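Trainee: Sharing a sequence plus its predicted fold:
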Amino acid sequence: MKSKSLLALLLALVLCLGLAACGNQGETQQPDEPDTTERDEPEAPEETFPAAAIGTELGSGIENFTFTTYDGTSCDLYETLKEKKMVLINLWATWCGPCQMEFPFMEEAYEAYKDDIEIFALSVEEEDTIEMLAEYAAEMGMTFPVGQDTPNLFQERFYTGAIPTSVVIDRFGTICFMEANAVTSAETFARLFDIYVADDYTESVVLSDGIPAKLPDVSPADPADLAAVLGEGFTCANPADEYNWPMVIEDDHVVSTNAAQGGAVSSLEVNVTAAADDVFAVDYSVSSEAGYDFLSIYVNGEPVKHASGERDWTTYAYAFEADGDYTVTLAYEKDEASDDGSDAAYFKNVRLLTGDEAAALLASMPVYPYSGETSLTVTSPNAREVVINDPSGMLAGNFGDAKWYIIPGDTASFSATLAEGLDAECVSFLSGFDGDSPVLSDCVAGGRYEFSTNGVDSYEGTGRGYCYVELTPSWCDGIYFFHDEVNLNTFLVRNFTEDDGSISASWKYADGSAPASAATCEGIEALSEGSSLYYLAFVDQNGDPVEGVMANVCDDSACTPMKSDANGIVAFAYPSFAYHIQVIKIPDGYEYDLSTETYLDAGGGVTEFVVTRS
């Protein structure tokens with residue numbers, strides 16, 4: 001997974017929500033009923049299942065768990081494994097973008113394998129109510145079991161720090177695979193499933209290095225033909241690795257063939273005999289996901305060049321330091337996530353230059369600014385660093401040593417330096433506002449690299465109170481920032497409010513000065529004895545706050561109308577009572593069943609209302 005909605009994660013912590021689990025929608029027998037299900041294969045003896053000792057690590061046997069789906073169907077892992085050859089446990093949440101991206105591919109593969117496998121899609125977010133899960137599953141066309149992570153699998157057994165997390169349990173009850181990443185092709189799921197549904201599967205196969213790559217289905221070009229296209233006087237070879245995707249001939253150049261193949265490499269080898277100071281030159285072009293998928297050149301296995309993003313035909317030159325025979329590898333290397341552009345690298349016009357011609361080409365190569373370290377700094381005028389005091393350690397756990405700022409204005413500006421040894425044509429800025437990711441080589445200004453975002457997130461603008469900019473690959477900590485004090489205070493209120501109405505986190509400016517305002521729950525100074533703190537959180541189907549919802553808060557004798565604020569919150573401290581909530585008016589552009597009746601927990605807390613954006 002690359003990123004997720006931290007706002008939703010933090011809000012979950014504010015609400016003191018537990019985790020819940022998912023269930024199987026297939027028919028199951030009641031616990032008291034005899035098991036009369038016909039099976040093609042005999043059941044494993046009770047004393048040998050699971051085959052391995054119970055644990056939570058790869059290769060361990062899994063302890064049984066049960067859960068209920070959003071439609072009320074009860075499920076049992078062990079019972080499911082009596083009928084299926086494997087179970088895929090998928091841990092996710094409705095607010096998770098990579099999860100949403102993954103589900104269509106998971107569903108496509110499930111339709112093809114559902115006779116042999118089962119999928120338990122378990123939401124780790126307690127805010128994902130049964131009603132929300134039912135609606136989400138219907139919208140996404142999910143036909144496998146969907147529910148809440150009530151067994152607390154994510155926190156207690158399979159915590160990876162990110163979602164989606166997928167876990168495979170084989171027919172012997174062994175934990176065989178666990179990985180946090182979105183799978184973005186049905187074919188990748190199929191490769192995973194094929195291992196565990198095979199008829200000759202007689203012992204557990206543990207995948208500690210992830211899902212095996214797809215074997216290439218492209219025929220390699222004849223090495224002599226590759227050499228003829230690339231340049232005279234060289235010999236070429238296709239790498240012996242069976243997982244290498246070959247380069248193929250296209251007009252006057254060669255091109256990679258591993259587009260959309262997550263984690264795959266496409267390469268060819270050029271054999272060069274050179275003298276000291278000879279220069280190997282090649283023209284290249286790349287169209288890829290900036291900062292993640294790379295055109296690469298290696299000399300005798302050592303990387304000498306990387307490039308990513310969009311780059312039209314240009315030349316790379318490498319000077320050999322000594323006489324000898326060299327293997328130059330031309331490659332396109334992909335990560336496991338999404339694709340961009342034509343998702344390919346192109347090479348042509350390989351040549352070996354000497355003397356003045358070699359010197360002239362080296363002198364013409366672009367020179368990028370380098371420094372003693374890689375760094376990212378804020379250059380926006382009036383930007384001020386802030387220090388957030390979080391005794392819980394939650395921010396540090398999620399953001400590490402990231403710096404926080406308040407940056408006023410409609411955009412935010414940054415400057416970066418790059419350490420020696422890194423390639424400015426492969427490192428990129430990444431803006432959390434809209435995903436803009438220019439490579440540093442296109443951002444050179446005054447001996448540094450400069451970048452400005454196209455906008456700034458805020459609760460009133462995009463529904464998210466903070467934004468970030470980082471360098472990818474992540475060579476240094478990113479910078480997180482708020483539009484103003486109001487957004488920072490709101491962030492603390494939404495994510496660090498205790499049951500008594502106090503805010504557990506605080507902040508100040510890094511220069512030691514105090515903020516002009518502090519984070520408080522508006523209208524709630526303290527709780528009197530016998531009172532409770534109540535929050536009504538109005539959000540749309542994407543989890544974004546909805547301002548302007550009018551609701552009646554009713555006891556046995558009277559109703560008090562209240563309106564949600566810019567953060568979608570109605571907060572009040574009243575005598576402890578199971579108040580009746582009636583939504584009486586919603587903003588234009590939204591839909592809600594006004595006949596819905598909701599009763600609050602007398603002890604207070606947060607109650608979420610999903611108002612559907614039309």
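Mentor: Nice, thanks for sending it over.

Trainee: low-confidence ranges in the chain?
Mentor: Segments of the chain classed as low confidence (criterion: pLDDT under 70) are 1-47, 336-338, 475, 499-502, 517-529.

Trainee: can you give me the helices for it?
Mentor: 6-14, 77-83, 97-113, 130-140, 153-156, 186-197, 223-230, 355-364, 394-399, 485-496 (DSSP state H).

Trainee: Present these as TSV; the columns should include mean neighbour count.
Mentor: The C-beta positions use only the backbone N, C-alpha and C, and glycine is treated the same way. Below are the helices of the chain laid out as TSV (neighbours: other CB atoms under 10 Å):
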stretch	mean neighbour count
helix 6-14	19
helix 77-83	19
helix 97-113	19
helix 130-140	17
helix 153-156	18
helix 186-197	19
helix 223-230	18
helix 355-364	13
helix 394-399	15
helix 485-496	22
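
Trainee: out of those helices, which comes closest to residue 57?
Mentor: Minimum separation from residue 57 across the helices of the chain (CB to CB) falls at helix 153-156, 13.4 Å.

Trainee: Return the distance of the closest one from the chain's centre.
Mentor: Offset of helix 153-156 from its chain centre (CA atoms, centre = their mean, to the nearest Å): 18 Å.

Trainee: so how many other residues sit close to the residue lying closest to residue 340 once chain neighbours are set aside?
Mentor: In this structure, residue 340 finds its nearest non-sequential neighbour in residue 289, 3.8 Å apart by CB to CB, 6 or more residues apart in numbering. Close neighbours of residue 289, defined as other CB atoms under 10 Å, add up to 20.

Trainee: Looks like residue 289 contacts residue 333 (just checking).
Mentor: No - judged on CB atoms under 8 Å, residue 289 makes no contact with residue 333 at a distance of 11.5 Å.

Trainee: anything in contact with each of these two?
Mentor: Common neighbours of residue 289 and residue 333, counting by CB atoms under 8 Å, 6 or more residues apart in numbering, are absent.

Trainee: where along the stretch 451-600 of the chain do the strands fall?
Mentor: 466-472, 479-482, 506-509, 531-539, 550-554, 559-563, 569-575, 580-585, 590-591, 598-599 (DSSP state E, counting those that start in this stretch).

Trainee: And the fourth one, what's buried?
Mentor: Spelled out, that is strand 531-539. 531, 532, 533, 534, 535, 536, 537, 538, 539 (16 or more other CB atoms under 10 Å).

Trainee: My guess is the first one contacts residue 577. True?
Mentor: In other words, residue 531. No - Residue 531 lies out of contact with residue 577 (CB under 8 Å); the separation is 9.6 Å.

Trainee: Nearest to residue 176, out of the helices of the chain?
Mentor: When these are compared by CB to CB, helix 186-197 sits nearest residue 176, at 7.1 Å.

Trainee: Only the C-alpha atoms, please, for the closest one, written as CSV.
Mentor: Output of helix 186-197 as CSV, limited to C-alpha atoms (Å, rounded to 0.1, in the frame of the first residue of the first chain):
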residue,chain,number,x,y,z
ALA,A,186,-6.9,-10.6,-11.0
GLU,A,187,-4.0,-12.5,-12.7
THR,A,188,-1.9,-11.9,-9.6
PHE,A,189,-4.6,-13.3,-7.3
ALA,A,190,-4.9,-16.2,-9.7
ARG,A,191,-1.1,-17.0,-9.3
LEU,A,192,-1.5,-16.9,-5.6
PHE,A,193,-4.7,-19.1,-5.6
ASP,A,194,-3.2,-21.7,-8.0
ILE,A,195,-0.5,-22.6,-5.5
TYR,A,196,-3.0,-23.6,-2.8
VAL,A,197,-5.8,-25.2,-4.9
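
Trainee: for it, packing partners?
Mentor: strand 86-92, helix 97-113, strand 117-123, strand 165-170 (3 or more CB pairs under 8 Å, 6 or more residues apart in numbering; DSSP states H and E).

Trainee: mind redoing it with 10 Å?
Mentor: Helices and strands touching helix 186-197, as assessed by 3 or more CB pairs under 10 Å, 6 or more residues apart in numbering; DSSP states H and E, comprise strand 86-92, helix 97-113, strand 117-123, strand 165-170, strand 175-180.

Trainee: before we move on, back to that, tell me, what's touching residue 531 and residue 577 both at once?
Mentor: Overlap of the contact sets of residue 531 and residue 577 (by CB atoms under 10 Å, 6 or more residues apart in numbering) consists of residue 604.

Trainee: which ones are touching the residue nearest to residue 340?
Mentor: Applying CB under 10 Å, 6+ apart, the residues near residue 289 are 308-309, 334-335, 337-341, 343, 428, 437, 472.

Trainee: ok, of those, which one's closest to residue 265?
Mentor: Nearest member of the contacts of residue 289 to residue 265, counting by CB to CB, is residue 334, at 7.4 Å.

Trainee: can you tell which of the helices of the chain is closest to residue 124?
Mentor: Closest of these to residue 124 is helix 153-156, at 4.3 Å (criterion: CB to CB).

Trainee: now for the closest one, which elements pack on it?
Mentor: Using 3+ CB pairs under 10 Å, 6+ apart, helix 153-156 sits against strand 86-92, strand 117-123, strand 165-170.

Trainee: what's the closest of the ones you listed to residue 563?
Mentor: Closest to residue 563 of the helices and strands packed on helix 153-156, according to CB to CB: strand 117-123, at 29.9 Å.

Trainee: Many thanks, we can stop here.
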